[in-house]
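> Predicted model, plus sequence, below.
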Amino acid sequence: MSGKKAPNMWLRMLCVFMALLVAGFGLSAGSLVYIMLVNGNRYADLATRQQLTTTSIEALRGSIVDCNGNVLATSATAWTVYITPQDIEGEEEARLIANGLAELLELDPEEVYRTTQKTTAYERIKRRVEEPVAAKVRAFIAEHNLGSIIGLEESSIRYYPNGSLASTVLGFMGDDSGLSGLEYQYEDELKGVPGKVVASKNARGSDMPFNYETLVETKQGNTLTLTLDSYVQYSVEKHLEEAIEVNHATNRGCAIVMNVNTGAVLGMATKPDFDPNDPFTVTDPYTLSLIEEKAGKPAESKEDSDDEEQTTSKSESSGSQSGGTAAQQSEYDRLLEEARDEQYRNKAISDVYDPGSVFKTVTGSAAIEEGVVNDESTFNCPGYIVIAGTRYQCHQTSGHGHQNLTNIFENSCNPAFIEIGQRLGVQKFYQYFQSFGLTEKTGIDLPGEGGSIYHTPDDMGPVELASESFGQTFQITPIQMITAVSAVCNGGNLVRPHLMKSITDADGNVVQSEKTEVVRQVISKETSAKMCKMLRSVVDNGSGKSAYVAGYRMGGKTGTSQKINQALSGESMQYIASFCGFAPADHPEYAVIVMIDEPHGSNIYGSAVSAPVAASIMKEVLPYLGVEAVYTDDEYAELATTVPAVEGKTVEEATAALSEAGLSGRVVGEGKSVVAQNPTAGTAAPTNGTVVLYTEQDYTPEQVTVPDLTNLSISAVTATAASAGVNVEISGVVSGSSGAISYRQEIAAGTKVDRGTLVRVSFRYTDSVE
Amino acid sequence: MVSEYDRQIEDEQAKPTAKTRPPRGKMDLVFFTMVLLLLTAGLVMLFSASYAFAYYNYNDSYLFILKQAKFAVVGVALMVGISFVDYHWLAKFHLPWVVYGASVAMLAVVLALPPMQEGFDYKRWISFGGFSFQPSEIAKFAVILLFSYLIAKNPKKMRTFRYGICYFVLLLAVVCGLLVKEPHLSATVLVFCIGVMLLIVGGVRLHYFAILGGVGLAGGLVVVLTGVVHYASSRIQYWLDPWSDATGKGYQTIQSLLAIGSGGLWGRGLGNSRQKYLWVPEPHNDFIFSIVCEELGLVGALCILAAFAVLIWRGVTIAMRAPDRFGSLLAMGIIFQVGLQTVLNILVVTNTIPNTGISLPFFSYGGTSLVMLLCQMGILLSVSRSSTIRKR
């Protein structure tokens, strides 16, 4: 302590210090604690909110591929063009932007101009702008220095490379999500997780030059692999489309190919359908032709249909010339709109119909299983049957007479099945109706599955039972029918139909994969085997003949149902022609159903309309799927044909002659007529073989290499030979048993020969060895 | 007691006139260390706080730190140099009056000059030969020097109302009046408090302060009512609720609070402030402490606060140990200024008191004021050297 100063002063200094320390520093420290600990989180949140900008990055939607990895739907990067209207200065700039963007993006300049007049910060001009156009927009921005006004955001566009292929199954996309079909069903898997760039920004809004950026990675959508097979799908669609046109069906048609043991759907089509790349337009020519037929041709000078007044006045003034009256025009528009709403509908799962005689497979199975009929049962059909006062006519009015069980399937005899139904009784009948899955949805992984309409035991008297026994007065979906038939033929298991084979993430890890789901066993193996045999006989000998596919032992049942409800409401009677079958009948693997709604051809029966479609599909699909063909002697004889002489004929004549002989022609050269052919006339060639037709004098025969054709099955040999461009003559196969393997070929593998050259291949059976 | 007190005063009166210059003793090493510590921390934090601002505004992240570092080197050199000079030189040649007169003149001049920056309605700066400084900084020192000189010179009169109160209040009023005219409220408050503190320590009868306090309060009321400092009243409004004008008048306060709050207990780490990216306006100036809090957290902020406390404690110790009243009061005035400025700065950035421009010693950017601060630290060290001699 300094002796120089009074204690008074010393004390006062100490007091000042203490006051400063306690009051000043104490208060400061207290404030800091209060702000940083008590309110810290709140302030930190506020700070974070102002400092961070979050930019969302759209995740690329997962692809949909078929079972072989062929792309059915895929996404690619596209751009969204937007503007910041509030930053546009002056009329001139607004006009420049409006006209420039309108031209590049094919929009109405006036509309774009209206957008530029807004005072907002963000207005979307166009979505899904593809890269070439986006590049032009960027150039436009650079040229006029509009970087602060026009912007491009990354987004994506969905492509369906095969156009309308499987469109009703795949569905289509709305702005951001799937609106129907698998796109809708698997939305969560496909869409992925959008990423974020969280960047710190300074108070001026620009990113900091220092790296505080956090990237939340976009998680690309998962890839959906389908059980669907493009090859099968093409085949199904081709034949279905053809049948609809030929039979002039007016209410669309559908077909399904399904693995009977697993429930995997290999092909599913509804025709006419739409192009998911342009889902809001009716593009199907057949649909358009039907509308034209009903409403007359649309007015020639077709304005935008929403500009109705103008269109109307125009048609009025030039009505007689353009051929369409105003009324016609509006009717056309109405039908077009209706068609547009309808075209997404997957008939195969959404529409219910009276299955008709196809349902007899279920009635029959139930009866055999319950023992109310057996191999010895006989049925007498006088042409009709009377149940509780109601007379049911057989389609063969003269009656089928005495029939055994197989016969009643072959004949599709209604009175016999009514009798069987009565023997089962309401309770048993309903029990099987239920266990075949006809009262519940199949649970296929598609949206919009229709629910069936049926009588419950409470409101089912003998008359209702009679009608239901042959597949009328209740309605189910085609997918329910084919699932039930699959259970009939696969040993009795009701399996769940499905389309998803697997779901894999972007790194290829399998997230989900298909598994066969057996809902329940419906009938015994023995009953199933009996049914297979009888249904094969339907195709071999009965009403299903047109479904016959040589070598592939098809079984199945046709059906023609009347649309009674529609007829009751005063419209003319319409029919549904269907066929449901499976192959090979001795060991069923694949089932097919074809349903054509309201055919108007000369013959509207399932046997004539739908069965041939099923045959065409199976004939193409079964060899592709590796189902071994087993030919009977008769069938084998039909396999080979004699090459007709076509030299000197015109190309058209020659092609016609060849196709008559079951061969196809391959024209080489530009000439009008055939100067040479290979194989030459008179040689034996396999059916479906190719004859090369040379049309120019100085032809140089096309050289092909003979493939190795040994140690293969007959179908493999034909396929291999066909793809190599040579014809084969099969020798050594004598009977219809399976397992013939080629062991010798006349021309050695690797030899160069003219295209079309005949190679004799010898087969032998290996059954006994194994 | 009183007579003893007066006798001592008379003794001391003879001291400055003594011909023999006392040899220089050892300086207070703790104080010296604390100065260097705070200066270093200040420079580091200035660099951290300013580089984003400097980058965006001047495209040179090092602009502020390089300038400040140069001044710091000069300042430290001057501080050490001054510590060897006997502080009694300050009492010679009527230097206190000269400094006081000069500072009053400068305060008058600054009022006559046009505002330094377009758009600012206050006049605080004088540019001189490439340097710019605030006359208010000089005024603070002038008041400390003159008061210390006068109190030490006439210790007896201090107990009279006429001298002890009226005379000093008059001197203080001239400076404060000119500062209010700028207007520069924070400097006014600082000068007023320093003056009053020196009077208290200098031996003014405490009950006079009731009167002084009343006068001060009345003066303050008049000032507010007449609207001379019209901007102060709006400041109070935005002090109570800065969110009422979050993007305008409350902006700086809010940004400061967000920065401090973001710090939490341990802070974001040195250099990791986000609020310095132009969110906190001029983060290198008065609000540098909010960046300190954001980067170093509560722990770091309290450490710095503690360092200041140690510095002030040593400063007060030096004042207590000073060989004479003049040295004691000089040291007390200087260290009180540092302490008060520190406290007020922190209270402002934490929005505990209304926002007013007070810089944080050793931390805030400003070359001339740093040099002045370090020179004043040199004076304190000089006082400490004298007292160590005495002790032996």
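Now that the structure is in, tell me what you want to look at.

> Please count neighbours and contacts with C-alpha atoms only from this point.
Noted.

> the helices in the stretch 151-300 of chain B, which residues?
B:161, B:168-181, B:185-201, B:208-226, B:230-240, B:251-263, B:288-321 (DSSP state H, counting those that start in this stretch).

> for those helices, which one sits closest to chain A?
helix B:251-263 (4.1 Å; Cα to the nearest Cα).

> Next, see if that closest one gets close to chain A.
Yes - in this structure, helix B:251-263 sits against chain A according to Cα under 8 Å from any Cα of the partner chain; the contacting residues are B:255, B:257-263.

> Report how many residues lie close to the spatially closest residue to B:Leu63 that is not a sequence neighbour.
With Cα to Cα, 6 or more residues apart in numbering or on different chains as the measure, B:Ala54 is the residue that lies nearest to B:Leu63, at 6.2 Å, once sequence neighbours are left out. When neighbours are defined as other Cα atoms under 10 Å in any protein chain shown, B:Ala54 has 21 of them.

> Phi first, then psi, for B:Ala54.
Backbone torsions for B:Ala54, taken as degrees, to the nearest 10, come to phi -70, psi -40.

> so B:Leu370 makes contact with B:Lys70?
No - in this structure, B:Leu370 sits apart from B:Lys70 without contact. The criterion is Cα atoms under 8 Å, and the distance is 10.5 Å.

> neighbour-wise, which of those two wins?
Neighbours were tallied for B:Leu370 and for B:Lys70 using other Cα under 10 Å; the higher tally belongs to B:Leu370 (22 against 12).

> How is chain A divided into domains?
By the assignment in automatic domain parsing, chain A contains the domains A:7-38, A:55-62+A:72-168+A:192-220, A:350-624, A:633-765.

> Let me see the confidence value for B:Arg24.
Residue-level confidence at B:Arg24 comes out at 68, pLDDT.

> quick one on the thing from earlier: how about the residue nearest to B:Leu63, what does it touch?
Contacts were defined as Cα atoms under 8 Å, 6 or more residues apart in numbering or on different chains; by that measure B:Ala54 touches B:60-64.

> which among those end up buried?
Neighbour-count burial (16 or more other Cα atoms under 10 Å in any protein chain shown) is assigned, among the contacts of B:Ala54, to B:61-64.

> quick one: low-confidence ranges for the stretch 501-650 of chain A?
Segments of the stretch 501-650 of chain A classed as low confidence (criterion: pLDDT under 70) are A:633-640.

> Just the helices from it, written as ranges.
Listed in chain order, the helices found in the stretch 501-650 of chain A under DSSP H, counting those that start in this stretch are A:525-541, A:564-568, A:606-609, A:611-624, A:633-639.

> can you state the direction angle for the first one and helix A:611-624?
What it means is helix A:525-541. Going by axes from the mean of the first three to the mean of the last three Cα atoms, to 10 degrees, helix A:525-541 is angled at 110 degrees with respect to helix A:611-624.

> where along the stretch 201-350 of chain A do the strands fall?
Ranges of strands within the stretch 201-350 of chain A are A:214-216, A:223-226, A:253-259, A:265-271, based on DSSP state E, counting those that start in this stretch.

> Ok, which of those comes nearest B:Leu113?
With Cα to Cα as the criterion, B:Leu113 lies closest to strand A:214-216 of the strands of the stretch 201-350 of chain A, at 50.8 Å.
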